[in-house]
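A predicted structure for the sequence below; I have some questions about it.
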Amino acid sequence: MRENFEEELPAQLTGDFKRNDFLDEVDIERIVQNNSSDFRKWGYKYVGTKEADLRDYNGLIYAKELDCENESEDSDKRYYLVLNLEDEKGVYRFSGNNKELTSLRIPSRYEEEWLQDASESAKKVKSRPAWMYPELFDLPKSEVWPKGAKIAVIGDPYQACDKEGVTIIEYEYADEIMPPILRLAIEKNTGNDKKDITKNWLSSLYDEDFSALKRMHGMATPEYGSPYCLMVNKGIELMGDIVASLEFQRTLEAAEEKSFEVRVWELRAKIKKLINGTWAIDDFENDFDYDEGKKGLRDFFQCKQEIMSYKDQPEKWDDFIIRWKKYLSNFPRERLKDKVPDLDRMIEQVEYWLEELPRGKSAQLVTNGMNYLENFYYDMIAFVDPNNFQDPLYDSDIAEARSTGLMSDGAFGVFVPGYPVNLRTRKFLETIMRQTENMLIYGKEFWPKLKSLYDKIQEDKIPLNEKSLFAYLRSFEEAMVRDRFFVQHTQKAVPVHGFFPYDMSGLDPQDRILALTSVTMHGWNRMDRNGFSKDITKAINFLTVGGKYILGPVNQYIYFGGQNQGFDSNGLTEALKSLRAEGLIEYEFRKGKRNYSTSYDLIEQDEEDENLGSYNDDELGPDEAAHSLIITRLK
């Protein structure tokens with residue numbers, strides 16, 4: 001029944017969830033034999049199982065052909081024991097009359113699928129650099145990133161936490177993200193519906209990056225005529241058209257495929273021009289048929305030309321260099337020399353970059369230098385005296401000047417001199433370009449294979465329900481996507497696939513597990529006390545004794561200045577207290593004051609409203625939030 005896809009698909013992926021909850025061949029034979037009397041009662045003579053079966057990519061049997069006879073039915077009719085996923089159970093049904101032979105409760109698998117669905121529905125493609133974790137958790141750097149520790153980072157799709165001893169865990173990295181193509185096809189959505197759903201899905205996925213793109217020149221960003229936003233929208237439109245064309249009843253026509261290839265090529269060419277700054281007004285003027293758009297386009301072009309003119313002009317760095325030299329002149333070396341190993345060498349490196357950057361012509365050199373300065377500044381902030389508001393380690397001029405770029409007034413904040421877009425804009429444009437190229441590959445190469453698997457099920461008349469059909473095909477889709485599109489971008493950290501803490505075979509005990517936005521802002525928003533208890537119990541199994549599981553923010557809607565949207569803070573507190581009473585954990589909520597920037601900051605608030613909570617550190621009230629929750633494994 002299964003064709004030779006082994007030759008076309010990648011080898012078995014390590015670390016994949018092993019579905020031991022379900023029946024293997026021996027189990028199926030035993031179950032059917034035990035129900036032989038039922039077969040006779042239903043009018044069937046059961047002889048045995050046949051060799052043919054339907055297995056997903058990971059080896060799970062979804063259907064096993066049975067050797068049955070029924071005088072009243074066609075002698076050529078084929079019979080199966082079929083696995084249908086129904087709610088919390090895997091139900092095995094006889095295809096001859098759809099009768100249930102047995103069912104298995106599969107809570108671990110059910111919880112994994114349910115939480116992953118919840119996580120995907122809330123997924124935003126973003127990674128936080130390692131230096132932001134202590135700041136956002138409101139914890140010392142040494143508490144979050146202890147030296148020499150084994151650390152697991154949950155949810156880092158761009159692999160930003162590239163540090164020694166780090167294992168990054170993601171169920172889907174940025175290079176692998178695909179719209180819900182299979183689900184839309186199985187649900188038999190129409191072409192226009194699939195296009196609209198795909199566009200909305202992608203727009204939601206990249207909402208934060210798109211919002212940043214609209215403000216790429218800060219408050220001076222023209223409201224209309226952005227060629228950058230235009231190309232992102234064209235990429236999303238193109239991806240929507242490709243998804244709309246993928247149906248189980250057809251494959252891409254040659255002319256259709258050629259049309260998509262041309263559109264992808266044109267998009268790639270224009271995005272490359274935007275990234276390297278060689279675009280002209282003529283490249284995009286015809287896309288704007290209104291005066292505001294044409295004027296905005298000219299404004300964007302003028303800004304780009306001005307930024308490009310900075311190249312090879314060291315004087316444009318003057319303001320930045322002056323800020324840093326002032327910072328170094330006030331730097332408290334004596335206070336830190338016993339706390340920071342190699343401090344003198346680090347300061348020498350800072351001075352080296354301050355000399356080298358104004359002469360830099362390479363984007364990589366400028367990026368490396370700016371990254372070093374930024375990391376140095378934020379590493380030193382860890383030693384700020386909280387009782388001294390004039391501590392020179394915190395310098396607002398440096399904080400404002402820390403980004404990878406230069407505005408037209410000479411103050412750093414957006415662009416590297418001589419480079420037309422900042423790092424975030426470049427990465428976002430490259431992501432859209434890569435995503436459209438991957439989507440075309442999916443339509444040309446992956447879809448025919450998935451359609452062949454689907455056609456075989458229809459040809460053999462195997463009655464899989466919708467959920468089983470999706471799970472079966474999804475296993476092959478996931479394997480092809482990972483094999484073709486996954487790229488390791490790290491030099492030190494090790495990225496692995498998994499869904500923490502349910503799909504994590506092979507992860508050694510860790511000294512720290514860090515989950516910034518990945519756990520608390522996804523599955524935790526829909527849990528009750530039992531859910532929290534199971535989730536935390538599973539998670540701490542991956543900690544060393546004395547190791548810490550740090551999550552945040554907790555109760556995101558309150559944290560970001562809104563109203564509670566149903567987060568069960570009482571259930572979380574009760575689950576934590578119960579686990580502590582068992583001697584398994586100790587824990588603490590890190591509350592304090594808000595330290596983030598959102599639209600809510602524009603609203604004047606009373607001083608007391610800035611506090612995230614007033615309850616004890618071991619409780620979280622329904623009107624409270626926390627920067628982080630620190631859970632320590634005791635035994």
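Nice, I can see it. Predicted model only: the values in this text are computed from it and were never measured. Numbering: from 1, shown residues only.

Is residue 169 in a helix, a strand, or coil?
strand (DSSP: H, G, I helix; E, B strand; the rest coil).

Residue 511 now?
Assignment for residue 511 (three-state DSSP): strand.

Just to check, it is in contact with residue 150?
Yes. Using Cβ atoms under 8 Å, residue 511 is in contact with residue 150, at 5.1 Å. C-beta: built from backbone N, CA, C; applies to glycine.

Report the contact partners of residue 382.
Contacts for residue 382 (Cβ atoms under 8 Å, 6 or more residues apart in numbering) come out as 134, 140, 141, 142.

same thing with residue 100?
91, 92, 93.

Against residue 377, how distant is the nearest residue to residue 369 once chain neighbours are set aside?
Residue nearest to residue 369 in three dimensions, not counting chain neighbours: residue 353, with 4.2 Å by Cβ to Cβ, 6 or more residues apart in numbering. From residue 353 across to residue 377, the span is 12 Å (Cβ to Cβ, to the nearest Å).

next one: phi and psi at residue 68?
phi -130, psi 160 (degrees, to the nearest 10).

Leaving out the residues flanking it, which one is nearest to it?
residue 79 (4.4 Å).

contacting residues around that neighbour?
44, 65, 66, 68, 94, 95, 96.

Could you tell me which of the residues you listed count as buried?
The neighbour-count test (16 or more other Cβ atoms under 10 Å) applied to the contacts of residue 79 identifies 44, 65, 66, 68, 94, 95, 96 as buried.

Common neighbours of residue 511 and residue 150, please.
residue 544.

So for the two, which residue has more residues nearby?
Between residue 511 and residue 150, counted using other Cβ atoms under 10 Å, residue 150 has the larger neighbour count: 19 against 16.

you'd agree the more buried one is up against residue 507?
No. Residue 150 is not in contact with residue 507 according to Cβ under 8 Å; the separation is 9.9 Å.

Spit out the residues that contact these two alike.
With Cβ under 8 Å, 6+ apart, residue 150 and residue 507 have common neighbours residue 167.

Count the neighbours of residue 504 for me.
20.

Of the buried ones among the contacts of residue 79, just say which sits nearest to residue 229.
residue 95 (52.3 Å; Cβ to Cβ).

excluding its backbone neighbours, what's nearest that closest one?
Per Cβ to Cβ, 6+ apart, closest to residue 95 is residue 80, 4.4 Å.

any weak-confidence spans in the stretch 401-550 of the chain?
Counting by pLDDT under 70, the ranges of the stretch 401-550 of the chain that qualify are 401-419.

Show me where it has its helices.
423-441, 447-459, 466-485, 529-540 (DSSP state H, counting those that start in this stretch).

Show me what the first one is packed against.
Helix 423-441 makes packing contacts with helix 207-213, helix 227-245, helix 254-276, helix 466-485 when contacts are defined by 3 or more Cβ pairs under 8 Å, 6 or more residues apart in numbering; DSSP states H and E.

Send over the helix or strand following the longest one as PDB, restricted to the C-alpha atoms.
In this case it means helix 254-276. Following helix 254-276 in sequence order, the next helix or strand is helix 291-308 (DSSP states H and E). Output in PDB follows, covering the C-alpha atoms of helix 291-308 (Å, rounded to 0.1, in the frame of the first residue of the first chain):
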ATOM      1  CA  ASP A 291      -0.300  61.300  -5.900                       C
ATOM      2  CA  GLU A 292       0.400  60.500  -2.200                       C
ATOM      3  CA  GLY A 293       1.900  57.200  -3.200                       C
ATOM      4  CA  LYS A 294       4.200  58.800  -5.900                       C
ATOM      5  CA  LYS A 295       5.300  61.500  -3.500                       C
ATOM      6  CA  GLY A 296       6.000  59.000  -0.700                       C
ATOM      7  CA  LEU A 297       8.000  56.900  -3.200                       C
ATOM      8  CA  ARG A 298      10.200  59.900  -4.000                       C
ATOM      9  CA  ASP A 299      10.600  60.600  -0.300                       C
ATOM     10  CA  PHE A 300      11.700  57.000   0.300                       C
ATOM     11  CA  PHE A 301      14.100  57.300  -2.600                       C
ATOM     12  CA  GLN A 302      15.600  60.500  -1.400                       C
ATOM     13  CA  CYS A 303      16.200  59.100   2.100                       C
ATOM     14  CA  LYS A 304      17.800  56.000   0.600                       C
ATOM     15  CA  GLN A 305      20.100  58.100  -1.500                       C
ATOM     16  CA  GLU A 306      21.100  60.300   1.400                       C
ATOM     17  CA  ILE A 307      22.000  57.200   3.500                       C
ATOM     18  CA  MET A 308      24.000  55.700   0.600                       C
END
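
What helices and strands are in contact with helix 291-308?
Looks like helix 291-308 contacts helix 227-245 (3+ Cβ pairs under 8 Å, 6+ apart).

buried sites along the helix it packs on?
227-228, 230-245.

Please apply the same query to stretch 206-221.
Neighbour-count burial for stretch 206-221, counted by 16+ other Cβ under 10 Å, picks out 206, 209, 210, 213, 216, 217, 221.

residues contacting the residue nearest to residue 95?
Contacts for residue 80 were tallied using Cβ under 8 Å, 6+ apart; they are 54, 63, 64, 65, 66, 94, 95, 462, 463.

State the distance from it to residue 57.
Going from residue 80 to residue 57 by Cβ to Cβ gives 19 Å.
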